[in-house]
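**Student:** Using only what follows, build the 3D model:
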Amino acid sequence: MTTALSVRDMTVVYDGFAALDRVSVDVSHGESFGIVGESGSGKSTLLRAVTGLTRFQEGSLTVDGRSYDGRKRDADFYRTVQMVFQDPYGSLHPRQTVDRLLLEPLVIHGFDEVDRRIARALDEVGLGSGFRFRYSHQLSGGQRQRVAIARALIVEPKILLLDEPTSALDASIQAEILNLLEQARRDRHLTFIMVSHDLGVISHMCERVAVMKGGEVVETVPVEALERREFSQDYTRRLLTASEGFRRD
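**Tutor:** As a prediction, the model looks like this:
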């Protein structure tokens, strides 16, 4: 399969601290690729560096055959790549209706038939037109995250970056959001790059996983290898044990 996104030797430094230290990953078209690691390992920094929210000082980024520098991105990039953030309470403007939140990216990217596209986006995430003129404070956490997903999908991207998309939600809602994302990936033939601290979520959603520690990728393995405990790094074993929780003898 051809490569949808390639990161080579990417380095991000804050005040002398390497948040990313020569990180390299390759993600194929249509693949669902997971990134796991403890807090502070560099998972979210990698996604932010890809989107241009964080500048990378060294290395290279190639998306759909085009190269991008440390920070600057153009409109074509954001038509191709969209991101769903961890916190649905912080990622939606509190003074904008759902209609305005979904209209803005359509206007920016010059789409027509905006009413039809907004209605379709809301239906796709299971909300419907009754939510169109509500404000974010009138929505539950799960409903807000559905709006955030609709906003990302409405410009018809090829690659979706998912930064802990369910960790801020109640356990009863998490499976619904994950199933919604998986359905969207199948219907739209999307490429996913998903960050999570939960290996159970990664095992359910992804085909390969990169394990990060201290700003580095220590190994990349198929998800089936995790399930069979076929990996080379002791850190991966400890991460898997921690994700499974404590067991009573």
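**Student:** How much space separates the closest residue to residue 127 other than its chain neighbours from residue 125?
**Tutor:** The shortest distance from residue 127 to any non-neighbouring residue, by C-beta to C-beta, 6 or more residues apart in numbering, is to residue 146 (5.6 Å). In short, each C-beta sits where N, CA and C put it, glycine included. Taking C-beta to C-beta, to the nearest Å as the criterion, residue 146 is separated from residue 125 by 4 Å.
**Student:** Find residues that contact each of these two.
**Tutor:** Overlap between the neighbourhoods of residue 146 and residue 125 consists of residue 180, taking contacts as C-beta atoms under 8 Å, 6 or more residues apart in numbering.
**Student:** still on that earlier bit, mind checking the SS state of the residue nearest to residue 127?
**Tutor:** Look at residue 146: counting by DSSP: H, G, I helix; E, B strand; the rest coil, its state is helix.
**Student:** what about it, how many residues close to it?
**Tutor:** Here the number of neighbours of residue 146 (other C-beta atoms under 10 Å) works out to 25.
**Student:** for the one 4 residues further on, same thing?
**Tutor:** Burial of residue 150, expressed as a neighbour count using other C-beta under 10 Å, amounts to 25.
**Student:** so it sits in a helix?
**Tutor:** Yes - looking at residue 150 with three-state DSSP, it is inside a helix.
**Student:** so it sits right up against residue 105, yeah?
**Tutor:** No - here residue 150 does not reach residue 105: they are 10.1 Å apart, not a contact under C-beta atoms under 8 Å.
**Student:** Tell me which residues of the helix or strand harbouring residue 184 come out buried.
**Tutor:** For residue 184, the element it lies in under DSSP states H and E is helix 171-188. Buried residues in helix 171-188, counted by 16 or more other C-beta atoms under 10 Å: 173-174, 177-178, 180-181, 184-185.
**Student:** Who are the packing partners of that helix?
**Tutor:** Here helix 171-188 touches helix 141-153, strand 159-163, helix 199-205, going by 3 or more C-beta pairs under 8 Å, 6 or more residues apart in numbering; DSSP states H and E.
**Student:** out of the ones you listed, which comes closest to residue 49?
**Tutor:** Nearest of these to residue 49, taken as C-beta to C-beta: strand 159-163 at 10.8 Å.
**Student:** now residue 71, nearest residue through space, not along the chain?
**Tutor:** residue 55 (4.2 Å).
**Student:** Correction: the previous question concerned residue 99.
**Tutor:** Nearest residue to residue 99 in three dimensions, chain neighbours excluded: residue 132, at 4.7 Å (C-beta to C-beta, 6+ apart).
**Student:** repeat for residue 97
**Tutor:** Computed as C-beta to C-beta, 6+ apart, the closest residue to residue 97 that is not its neighbour in sequence is residue 133, at 5.0 Å.
**Student:** related to what we said a few turns ago, what number of residues are in the vicinity of the residue nearest to residue 99?
**Tutor:** Residue 132 has 16 nearby residues by other C-beta under 10 Å.
**Student:** Surely it touches residue 121?
**Tutor:** No - contact between residue 132 and residue 121 fails when scored by C-beta under 8 Å: they sit 10.0 Å apart.
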